[in-house]
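**Q** predicted coordinates and the sequence they were generated for:
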Amino acid sequence: MMDEKLDVPADNTSFFRRALEEWRQYVIYAGFIAIFIFFSLTLSSKGFLDPNNLLNIVRQTAMIAVMAVAMTFVLSAGEIDLAIGAVAGLVSVTTAMALAKFGLVGGICCGVLTGIAVGVVNGLLTTRVGIPSFLVTLAMMGIARGTAMWISNTAAIPILDRNYYFSFGSGNFGPVPVLLVWALVVGTIGHVALRKTSFGRRVLASGGSETAARFTGINTRNIKLQVLIISSVAAAVAGMLYAGRLRSGRFQLGEGDELSVIAAAVLGGTSLFGGFGSVIGSIVGALMIGLINNGLILMGLEFSQQLIARGVIIILAVTVARSRR
Amino acid sequence: MNQSEQSPVDVVAMTGIAKSFGGVTALEQVDFFLHKGEIHALLGGNGAGKSTILKILSGVHRPDQGEVRINGKTLQEHTPEAARRLGIAMIFQEMSLIPSLSVAQNIFLTREPKGSFGMLDDRAALKKARVLLERIGVKLDPRRRVENLSAGQRQLTEIAKALSQEASILIMDEPTSTLSVAEIDHLFEFLDRLKRSHASIIYVSHRMEEIRRISDRVTVIRNGRNVMTSAIAETSLDAIVEQIVGRRIGAFERKARQRKAGQEILRVSSLSAKPRPVQADLTVHGGEIVGIAGLMGSGRSSLARSIFGMQPIVSGELRVKEKSVKISSPAAALKAGIAMIPEDRLTQGLVLQHSVASNLTLPLVSRLSRYGFMQESAERDLVREYTKQLRIKAASPEKSVRTLSGGNQQKVVLAKWLAVKPVVLVLDEPTAGVDIGSKTEIVEIIREFADRGNGVIIISSEPAELLALSDRILIMANGRIVREISSEEIEGWAPGATDSAHRISSMEKGLQVAIQQEQR
């Protein structure tokens, strides 16, 4: 009689019931659509639905989305990375400087290597020395930002390489901005890696219960090291995109992005405490933040009011998404 | 008993206590009396109802029937606060102290002496703590931080904290399991002094030798009933064990297994780790199930963790199928063919929020993936195969393991490791907290695994489980393997017994006595 129960197919319950049970997982998508419709109705006269405006939202959120994909892995593994915004700024500077000296390949390599270096340091301090990633990356935030200011003398470093700024941020393929391509590529890789690979499984297990994962033979320290490196490399890519979009490297780029990125991931259903993550959710979360920013600007709110409204909306959304437990 | 001629006063009188949880009877008609100034040992096997009594006395549970009187007053509200006000203090095994605070700060936590303007007066707290520690004869600097104290000192701090709240009745649950021999002596001297100052103590322990040494009277609980209350001087170890074991009909039955003399699968030579085990030697042959018995803290689980690479090995050698292997991590152990079912399935065995399927396949994610990509159909087949084979009852393999019953959760842990196809399986308390039906099934699964020519090491604090499964039993004490009991010896404990319940309880008694004999 036990087998009977087993033979019940998983999909026996109606789609409607399952949707109702798990509606909260999809609340981010519903919220995204609701806000989009709301802005479409109220702001259409101010050009919200103008294709240029919509593409602008994409351009503004691409970097956040790229970093949010990596942050999904970091949070799922039970860690956090606060240094990403500062790393993006630092990489924009190192890339711009290397581009001027060594050309295109040298510039790109230099940017990526900067990201790897920061990630390795973050990861080793967290997993080998045992300092919580919160503290390590908080400290690294200052170090990266300070280094960027120091080597650039706080000045913007112009980028003249046309190929670079076309492919990293400024270009368009017909109507499609290159930034959208970047976000889609990174998002696809991230989604597949988290859902379909053994690495993704290990990340989720390490964050879900580190003890159980260790008893299962997973080297949780290595997983966490890798995840922190991925996060820094994603921040490096975001920094290079910023640099390409503005055709210069500046230490201020990416300032405060860590909070938008974490908010995007949490909005998208990734747990701050590890064990759960959704890459698609994080990307939609990033788009939602971009959408809100754009809508609030079009509404003519002052910057101070925008900050308040954004904070309230994020808290509301996370509250609804969290009441799952 | 050092009571004078007048009859003793009952500081605790529990009469006609009954309690059931969701239809399962935990206690029926239990009477329990604690005299003033005595140390009263409370004994019983796992699930006998000991902890339910203690929880009712300390106000955690409300009895369905019966009355609890403490120091002459009836416990009206069944809350921990009410019980504490009447003088009950529970000394927790998992200490309730804050490691980052000092001894004095811990003792007066939430009742801190206040100075002017309601500011905390640490100096007054320090002075009061000194007086208190002096009075109860504990040599301890109250300024020291708890995290720097030894286990014994923490326990004394815990007791001091209880006494500072005017507690006159202490409940101690396995207080010596984390203490060294010297610390135990110290604790016992201390308890003796407390007793002479008219405090009363309920003492729960599995160590018979300790109980004989320290307690005045003993009560045995079995199947939710008080089956024995007696002065310790008027009873014997045999009589107590007899009462603890009783004649219960359990899930376990010792079956004769025809053992082929298999080749050696695992050899452990003078394995040591910190602090336990010490110089452990053991061998397991193909098709053999080796049981490890011992009291809490004897090093059973540490031995298992060392074999599986969860605890660094200091010295010694492991050989799997006569090949020397270096076990530095669980990953290395798995590669050598050793898998382990850990003691605590909730934290060590499972990722609770994740689904049955992803828990089951977690150790196999590399084998189930090609170029890093999970082969979903292979994964589904594997999950289907093992849920069917082990009869795991889950609404769907995608359901979180949190929603499963304890028995089914444990089967998921078993399935996860059987799927790895190890040659040696180490099981630590494989049926703890599992319903009787699943216990029987799990025992059967373990037997089948061994019958396929694999080696099994099983650790359990439930003697019946060990006896049902093991071909040989090793007894551990103080981190060492001190005795080996052969199958013939086990059978010898139940000569001529025919019905299986009687047989297993006679054997259980034999094993209990053997374990106690090895304690020094």
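**A** Received, thanks.

**Q** going forward, measure contacts between C-alpha atoms and count neighbours the same way
**A** Will do.

**Q** show me what from chain B comes close to chain A.
**A** Residues of chain B lying close to chain A by Cα under 8 Å from any Cα of the partner chain are B:310, B:329-332, B:334, B:340, B:342, B:347-354, B:358, B:362-363, B:365-366, B:369, B:372-374, B:387-388, B:391-398.

**Q** measure the closest residue to B:R217 other than its chain neighbours to chain A for me?
**A** Leaving aside its sequence neighbours, B:R217 sits nearest to B:A231 (Cα to Cα, 6 or more residues apart in numbering or on different chains; 4.2 Å). Distance check for B:A231 against chain A: by Cα to the nearest Cα, to the nearest Å, it reads 45 Å.

**Q** what does B:Q76 give?
**A** Per Cα to the nearest Cα, B:Q76 is found 35 Å from chain A.

**Q** what number of residues lie near that residue?
**A** For B:Q76, the neighbour count with other Cα atoms under 10 Å in any protein chain shown is 13.

**Q** circling back to that earlier point, which ones among the residues of chain B next to chain A map onto strands?
**A** Within those, residues falling in strands by DSSP state E are B:M340, B:S369, B:F373, B:M374.

**Q** of those, which is the most crowded?
**A** Highest neighbour count within those, by other Cα under 10 Å: B:M340, with 29 neighbours.

**Q** thought that one was touching B:F308?
**A** Yes. Counting by Cα atoms under 8 Å, B:F308 is a contact partner of B:M340 at 6.6 Å.

**Q** what about the chain, any weak spots by pLDDT?
**A** Going with chain A. A:1-25, A:321-325 (pLDDT under 70).

**Q** that's the wrong chain, I wanted chain B
**A** Along chain B, segments meeting pLDDT under 70 span B:1-7, B:23, B:46, B:93-95, B:247-251, B:256, B:258-261, B:497, B:520.

**Q** which residues touch the residue of the stretch 101-250 of chain B found nearest chain A?
**A** Closest to chain A within the stretch 101-250 of chain B is B:E147: 18.7 Å, counting by Cα to the nearest Cα. Taking Cα atoms under 8 Å, 6 or more residues apart in numbering or on different chains as the criterion, B:E147 is in contact with B:P99, B:S100.

**Q** measure it to B:M172 for me?
**A** Look at B:E147 and B:M172: by Cα to Cα, to the nearest Å, they are 21 Å apart.

**Q** just give me the longest helix of chain A.
**A** Longest helix in chain A by number of residues, with DSSP state H as the criterion: helix A:84-124.

**Q** for the helix or strand just after it, packing partners?
**A** Sequence order places helix A:133-152 as the next helix or strand after helix A:84-124, per DSSP states H and E. Judged by 3 or more Cα pairs under 8 Å, 6 or more residues apart in numbering or on different chains; DSSP states H and E, the packing partners of helix A:133-152 are helix A:84-124.

**Q** quick one: the strands in the stretch 101-250 of chain B, in order.
**A** Under the criterion DSSP state E, counting those that start in this stretch, strands of the stretch 101-250 of chain B are mapped to B:169-173, B:200-204, B:217-222, B:225-231.

**Q** just put these in CSV and tack on mean neighbour count.
**A** Below are those laid out as CSV (neighbours: other Cα atoms under 10 Å in any protein chain shown):
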stretch, mean neighbour count
strand B:169-173, 23
strand B:200-204, 23
strand B:217-222, 24
strand B:225-231, 17
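
**Q** ramachandran angles for residue 174?
**A** Just going to use chain A. Reported as degrees, to the nearest 10, the phi and psi values for A:G174 are phi 60, psi -120.

**Q** to clarify, I was referring to chain B.
**A** phi 50, psi 60.

**Q** now it, nearest residue through space, not along the chain?
**A** Using Cα to Cα, 6+ apart and skipping residues adjacent in sequence, the residue nearest B:E174 is B:S205, 4.7 Å away.

**Q** biggest helix in chain B by residues?
**A** Determined from DSSP H, the single longest helix within chain B is helix B:500-517.

**Q** can you tell me what sits against that one?
**A** Contacts to helix B:500-517, defined as Cα under 8 Å, 6+ apart, come from residues B:207-209, B:237-238, B:241-242, B:245-250, B:252-254, B:293-295, B:463-464, B:467-468, B:475, B:490-491, B:493-494, B:497.

**Q** among those, name the buried ones.
**A** With burial judged by 16 or more other Cα atoms under 10 Å in any protein chain shown, the buried subset of those is B:207-208, B:241-242, B:245-247, B:252-254, B:293-295, B:463-464, B:467-468, B:475, B:490-491, B:493-494.

**Q** just give me the neighbour total for A:V129.
**A** When counting by other Cα under 10 Å, one arrives at 9 neighbours for A:V129.

**Q** so how far is chain B from it?
**A** Per Cα to the nearest Cα, A:V129 is found 18 Å from chain B.

**Q** any idea how far that residue lies from B:M310?
**A** From A:V129 to B:M310 the distance is 19 Å (Cα to Cα).

**Q** swap in A:L267?
**A** Between A:L267 and B:M310 the computed distance is 37 Å (Cα to Cα).

**Q** compare these two and say which is more crowded by neighbours.
**A** A:L267 (31 against 20).

**Q** hmm, the more buried one is touching A:L316, no?
**A** No. The pair A:L267 and A:L316 fails to qualify as a contact (Cα under 8 Å) at a distance of 9.8 Å.

**Q** just the endpoints, please. Distance across stretch B:98-117?
**A** Across stretch B:98-117, the terminal residues are separated by 26 Å (Cα to Cα).

**Q** mind listing what residue 64 touches?
**A** In the absence of a named chain, this looks at chain A. A:I64 is in contact with A:A238, A:D257, A:S260, A:V261, A:A286, counting by Cα under 8 Å, 6+ apart.

**Q** other chain: chain B
**A** B:I17, B:A18, B:K19, B:S20.

**Q** among the residues you listed, which ones are in strands?
**A** Mapping these onto strands (DSSP E) picks out B:I17, B:A18, B:K19, B:S20.

**Q** neighbour-wise, which of those residues leads?
**A** With neighbours set by other Cα under 10 Å, the maximum within those is found at B:K19, which has 24 neighbours.

**Q** you'd agree that one is up against B:V30?
**A** No. Between B:K19 and B:V30 there is no contact under Cα under 8 Å: 9.5 Å.

**Q** could you chop chain B up by domain?
**A** With domains defined by automatic domain parsing, chain B comprises B:1-87+B:168-246, B:95-166, B:264-337+B:422-517, B:354-420.

**Q** how about the ones you listed in JSON lines, adding distance to A:R162?
**A** Formatted as JSON lines, the domains of chain B follow (distance: least, Cα to Cα, whole Å):
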{"stretch": "domain B:1-87+B:168-246", "distance to A:R162": "70"}
{"stretch": "domain B:95-166", "distance to A:R162": "59"}
{"stretch": "domain B:264-337+B:422-517", "distance to A:R162": "50"}
{"stretch": "domain B:354-420", "distance to A:R162": "37"}
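
**Q** which one, of those, ends up nearest to A:G281?
**A** A:G281 sits nearest to domain B:354-420 of all those, at 18.3 Å, using Cα to Cα.

**Q** close to chain B: what parts of the stretch 101-250 of chain A are there?
**A** Counting by Cα under 8 Å from any Cα, the stretch 101-250 of chain A sits next to chain B at A:196-199, A:201-202, A:205, A:208-209, A:211-219.

**Q** how does it look with 7 Å?
**A** Residues of the stretch 101-250 of chain A lying near chain B by Cα under 7 Å from any Cα of the partner chain: A:K196, A:T197, A:S198, A:A205, A:G208, A:S209, A:T211, A:A212, A:F215, A:T216, A:G217, A:I218.
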